[in-house]
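S.K.: Fold the following.
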Amino acid sequence: MSSPARSGAPPTLERKIGPLQATAINMTQMCGIGPFVTIPAMVATMGGPQAMFGWIIGAIVALADGLIWAELGAAMPGAGGTYLYLREAFQYRTGRLMPFLFVWSAVLFIPLIMSTGIIGLVQYLGYLIPGVTDDAGTTPLGKIIGVGITLVVILALFRRIGQISRLTTVLFGIMLAAVLTTIVAAFSHFSAAQAFAFTPGAFSSGGEGTFWGGLGAGLIIAIYDYLGYNTSAYLGGEVRTPGRTLPRSIIFSILGIMGLYFLLQVGVLGSIPLEQLKDAKSVASSVLEQVWGTGTAKAVTVLIVIAAIGSVFAGLLGGSRVPFEAARDKVFLPVFGRLHPRLHLPTAGVLTMGAITILGSLFTLTTVINAAVATLVVIQSLAQVAAIVVLRRRQPNLRRPYRQWLYPVPTIIALAGWGYIYVSADWLSIGLSLGWIVLGAVAYLVYARAERTWPFGPKEINEAFATDGFTTGRIVARGTGGAHA
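M.R.: Residues are numbered from 1 along each chain as shown. Next up is the predicted model:
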């Protein structure tokens, strides 16, 4: 079922994304520059080769969360993903507050995650272009190049969704080539004794630098690298046969990326000495250079940079759709609800998130990752855990083409995983995330006062996707005087 159409509001989003394209979009977004720049950080954080298990635990959390996205996305396939799920689940008690807070936060955390891709690809450009990076990090020249690349990505998004899905499939192929080539290079110069030389006492309880001591910070890195499996759900209004396509694209992309990440991590551990690996700035380039020489290393590094650009492209593609449905519902600024008259894309979403991506790219990688993940966890991940439970109880007639396997076990695993990741973030990131939500709550009160909606007016409950016999949807306006159909 698609989101209810609104008469007199052409142009509309076009359902042009098939199963292959949806999976490619997810995997391209997931595996951009992430693992190429975070493997050294993961090894340093978790104290040695035991970092390989951090990717597995991160994949378990991602898969558990992905099964939540699969059920909700298949049942409510529309632009914005989480906005629709929170709108449907939380309208009964808090009106439009939760979906407003999500859009308010997503306009910040989605482009911040994309900016990490820009920071990382500039880091790899330092291997190709002298002066882009130095020992302290990215130079002013590197930041200028990063801004320029972001502008190119924004311009590339101004095309019809059919063209974009084909382009993303090409970028997906480049990403696979870059990752698989690096894996082959690593295993052609592989030492199993080095790869599995776990730090003595690494798995004992307590102690800084052990597996358990570094697991929280390591999971932040791992889950950051897995983020993107939900991009097809953001594009739910442009996916063909979403009841089948969305669950499959989410689950297949998580399992596929998990395999690639694990092989990449083990291969790198077995080909580069541990102390050298912890401080490596372009680890894939180092692996390729020692196996096949500088020429091949530079050629594959170009592919890695293109893969990183593809990840930013896919992320902004999905993220730009998030405020669209909210604006159409008059829950966010109206400008975000307007489509380009010819290309049928949300112009304001693309431009706004592109601009925030540029700003985020001026900061350090670790700072941006912590701030983005902390904000995402509170208002998206934990909120969706509650949403799937609420909707199962409140809307039993909601058509569910896919129902979560072994419910509620994956939901409980996702809740525990996201809670642990959140408390493992640094206090500055936690404080900033909570402060942003408080600021959003104040903004909501201003909006609610102007719109005379809850808590300054009646709740309007619209079960837009529920079915009851042959009737689609149920609208109930609730005020202080009771309810009426």
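S.K.: Now do the strands in the stretch 351-485 of the chain.
M.R.: 459-462, 467-468, 471-472, 475-479, 482-484 (DSSP state E, counting those that start in this stretch).
S.K.: Please disregard the earlier target; I meant the stretch 51-200 of the chain.
M.R.: 133-134, 137-138.
S.K.: Quick one: mean pLDDT over the last one.
M.R.: By that I understand strand 137-138. For strand 137-138, mean pLDDT rounds to 76.
S.K.: got it, and stretch 177-195?
M.R.: Stretch 177-195 comes out at a mean pLDDT of 93.
S.K.: Kindly export it (C-alpha atoms) in PDB.
M.R.: As requested, the backbone C-alpha atoms of stretch 177-195 are provided in PDB (Å, rounded to 0.1, in the frame of the first residue of the first chain):
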ATOM      1  CA  ALA A 177      35.100  -4.000  -6.900                       C
ATOM      2  CA  ALA A 178      37.000  -1.800  -4.400                       C
ATOM      3  CA  VAL A 179      36.200  -3.900  -1.400                       C
ATOM      4  CA  LEU A 180      36.700  -7.300  -3.000                       C
ATOM      5  CA  THR A 181      40.000  -6.200  -4.500                       C
ATOM      6  CA  THR A 182      41.200  -5.100  -1.100                       C
ATOM      7  CA  ILE A 183      40.100  -8.400   0.400                       C
ATOM      8  CA  VAL A 184      41.900 -10.400  -2.200                       C
ATOM      9  CA  ALA A 185      45.100  -8.300  -1.800                       C
ATOM     10  CA  ALA A 186      44.900  -8.800   2.000                       C
ATOM     11  CA  PHE A 187      44.500 -12.600   1.800                       C
ATOM     12  CA  SER A 188      47.200 -12.900  -0.800                       C
ATOM     13  CA  HIS A 189      49.700 -11.600   1.800                       C
ATOM     14  CA  PHE A 190      48.000 -13.200   4.900                       C
ATOM     15  CA  SER A 191      49.300 -14.500   8.200                       C
ATOM     16  CA  ALA A 192      46.700 -16.400  10.200                       C
ATOM     17  CA  ALA A 193      49.000 -16.400  13.200                       C
ATOM     18  CA  GLN A 194      49.100 -12.600  13.100                       C
ATOM     19  CA  ALA A 195      45.400 -12.200  12.400                       C
END
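S.K.: Which positions in it come out as buried?
M.R.: 178-179, 181-183, 185-187, 190, 195 (16 or more other Cβ atoms under 10 Å). Using the backbone N, CA and C atoms, a C-beta is placed for each residue, glycine as well.
S.K.: for the strands of the stretch 51-200 of the chain, which one sits closest to Leu415?
M.R.: The closest of those to Leu415 is strand 137-138. By Cβ to Cβ, the value is 36.1 Å.
S.K.: Show residues contacting the closest one.
M.R.: Strand 137-138 is touched from outside by 119, 122-123, 126, 132, 146, 364, with contacts defined as Cβ atoms under 8 Å, 6 or more residues apart in numbering.
S.K.: Show me which of the buried residues of stretch 177-195 is closest to Ile356.
M.R.: Ala178 (26.7 Å).
S.K.: need the contact list for that closest one.
M.R.: Contacts of Ala178 (Cβ under 8 Å, 6+ apart): 284, 300, 303-304, 306-307.
S.K.: Show me which of the strands of the stretch 51-200 of the chain has the highest average neighbour count.
M.R.: strand 137-138 (a mean of 20; mean count of other Cβ atoms under 10 Å).
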